[in-house]
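[1] One predicted model, sequence on top.
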Amino acid sequence: MAGGKTVKDLMVDVFEFPHIPYWFSIRQAMGIIKKSVLESAKCVRPIVILVFDEKYNLVGTLTHINILKGIEPKFLKHTTKAQVTEDSQEGLSVIWDSLFNKESAALAEKPVSEVMVPAKLFVEQDDPVTKAAYLMLHNDAILLPVLENKKKLIGVVRMIEVFDEVSNAILNE
């Protein structure tokens, strides 16, 4: 890669990202997203919240998609794509609306630990950007935590910065 850039060159400091403890409810996570991301100038796309344990170890990530899946009424989770026709979409949305206030509100009280994506992949700050790109592509990840000395979380590298760096290297050849 041109310039031999490393993950450290692209990473975002861990404290620039919204973060919550794993015991927060989905409802609380929604509030964090609204206040710290959507209503501020710090809106990061796609929206990701880092989830930590009591000792401030990263345990997972939470996206707005995870949150919406977490509050989806249970009967819809058993509906396959094949069962959803154009005619039934309207019916499902009416049913969703009627259940949303009751069932989804109750589901929003679950802890985020039930809907987060566990942190399994990490990169080191001195790893090449191409390693981050490979891990992201082959694991369908939109960001990777960046560790210092294989222990301390110091930041995250996002797909958008990795894409920008890779595309710059190709376009500037």
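    Nice, thanks for sending it over.
[2] Need the phi and psi values for residue 145.
    Dihedral angles of residue 145 (phi, psi; degrees, to the nearest 10) stand at phi -70, psi 140.
[3] so what's it bridging to?
    residue 156 (DSSP bridges).
[4] Beyond the lowest-mean-pLDDT helix or strand in the chain, next helix or strand please.
    Ranked by mean pLDDT, DSSP states H and E, the weakest helix or strand in the chain is helix 86-99, scoring a mean of 58. Going down the chain from helix 86-99, the next helix or strand is helix 105-107, by DSSP states H and E.
[5] So what touches the next helix-or-strand element following that next one?
    Next along the chain after helix 105-107, taking DSSP H and E as the criterion, comes strand 117-118. Strand 117-118 has contacts (Cβ atoms under 8 Å, 6 or more residues apart in numbering) with 59-63, 66. (Each C-beta comes from the backbone N, C-alpha and C, glycine too.)
[6] just curious, which of those residues is nearest to residue 131?
    Closest approach between these and residue 131, by Cβ to Cβ: residue 61, at 19.0 Å.
[7] Am I right that that closest one falls within a helix?
    No - assigned with DSSP: H, G, I helix; E, B strand; the rest coil, residue 61 falls outside any helix and is strand.
[8] With neighbour count as extra columns, can I get the contacts of strand 117-118 in TSV?
    Compiled in TSV, these are given as follows (neighbours: other Cβ atoms under 10 Å):
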residue	neighbour count
59	15
60	20
61	23
62	27
63	18
66	20
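[9] least confident pick among those residues?
    In terms of pLDDT, the lowest of the contacts of strand 117-118 is residue 63, showing 88.
[10] For the closest residue to residue 6 other than its chain neighbours, give me its contacts.
    Distances taken as Cβ to Cβ, 6 or more residues apart in numbering put residue 126 closest to residue 6, at 5.3 Å, once the chain neighbours are dropped. Residues counted as contacts of residue 126 (Cβ under 8 Å, 6+ apart) are 6-8.
[11] Generate a PyMOL selection restricted to the buried subset of the residues you listed.
    Buried residues among the contacts of residue 126 (16 or more other Cβ atoms under 10 Å), as a PyMOL selection:
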select buried, resi 6+7+8
